[in-house]
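Undergrad: need a structure here:
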Amino acid sequence: MKLFIKYMVSNRCKIVVKEILKEMNLHFVLVDLGEVEIMENLTPEQYELLKKELLESGLELIDDKKSILIEKIKTIIIQMVHHSDEDLKINFSEYLSEKLHHNYNYIANLFSEVQGVTIEHFIINHKVEKIKELMIYGELTITEIAYKMNYSSVAHLSTQFKKVTGLSPSHFKQLKHKRRNPLEEI
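TA: Numbers count the residues shown, from 1 in each chain. As a prediction, the model looks like this:
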């Protein structure tokens, strides 16, 4: 049985879900970002208990098709931006269409309607969070970060970063208390 879980955006979330499933004596085949596959079919009582346990951990079971598609879109973007070691040299619209087997216009319109933000802005916000993370670690230069995050230039990265944060990358680096946003709040 496949289940879809909202706000499941990190490896810690996967650990929490695995623990909940173990406590409920449910056997999982797959626990991935936003998605779980278990061997059993849940009774209505088990479903409600799982729903309650997930909510207590800040996660949420989703059961309508549009919400599931929205979460899949978010998960794919988060996976690509935050959890992939590959440089972001892909066309997100083609990639999303291919992965989700839907026309991109349909995906984009649904996402904007439900989320109140375009997929493009969602991607940009996540890229900016990843840039913050990379700058805080200090292992890459801003030029290397621009290349890794698929910006045409440092100027393009800086313009987008400033538009989102209100700060230039160099000003952000100078801050003592660098502010990052939790992924589920972006």
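
Undergrad: Can you give me the domain assignment for this structure?
TA: 2-62, 69-186 (automatic domain parsing).

Undergrad: so can I have TSV of the ones you listed showing mean neighbour count?
TA: Glycine gets a C-beta too; all of them are placed from N, C-alpha and C. Compiled in TSV, the domains of the chain are given as follows (neighbours: other C-beta atoms under 10 Å):
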stretch	mean neighbour count
domain 2-62	16
domain 69-186	15
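
Undergrad: Make TSV out of the ones you listed and add mean pLDDT.
TA: Shown next, in TSV, are the domains of the chain (pLDDT from 0 to 100):
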stretch	mean pLDDT
domain 2-62	92
domain 69-186	88
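
Undergrad: From residue 137, how far out is the residue positioned nearest the centre of the chain?
TA: Nearest to the geometric centre of the chain sits residue 78, at 2.9 Å (C-alpha atoms, centre = their mean). For residue 78, the distance to residue 137 (C-beta to C-beta, to the nearest Å) stands at 18 Å.

Undergrad: I'd assumed the residue nearest to the centre of the chain was in a helix, is it?
TA: Yes. If the criterion is DSSP: H, G, I helix; E, B strand; the rest coil, then residue 78 is within a helix.

Undergrad: Isn't it up against residue 33?
TA: Yes. With contacts counted by C-beta atoms under 8 Å, residue 78 reaches residue 33, the gap being 6.6 Å.

Undergrad: Which neighbours do those two have in common?
TA: Jointly contacting residue 78 and residue 33 under the rule C-beta atoms under 8 Å, 6 or more residues apart in numbering are residue 9.

Undergrad: How is residue 61 assigned, secondary-structure-wise?
TA: strand.

Undergrad: Setting aside sequence neighbours, what's the nearest residue to it?
TA: residue 51 (4.8 Å; C-beta to C-beta, 6 or more residues apart in numbering).

Undergrad: separation between the one you found and residue 27?
TA: 19 Å.

Undergrad: Where do the helices of the protein begin and end?
TA: 11-23, 44-56, 65-82, 92-100, 104-115, 119-137, 142-148, 154-165, 169-174 (DSSP state H).

Undergrad: Perfect, that will be all.
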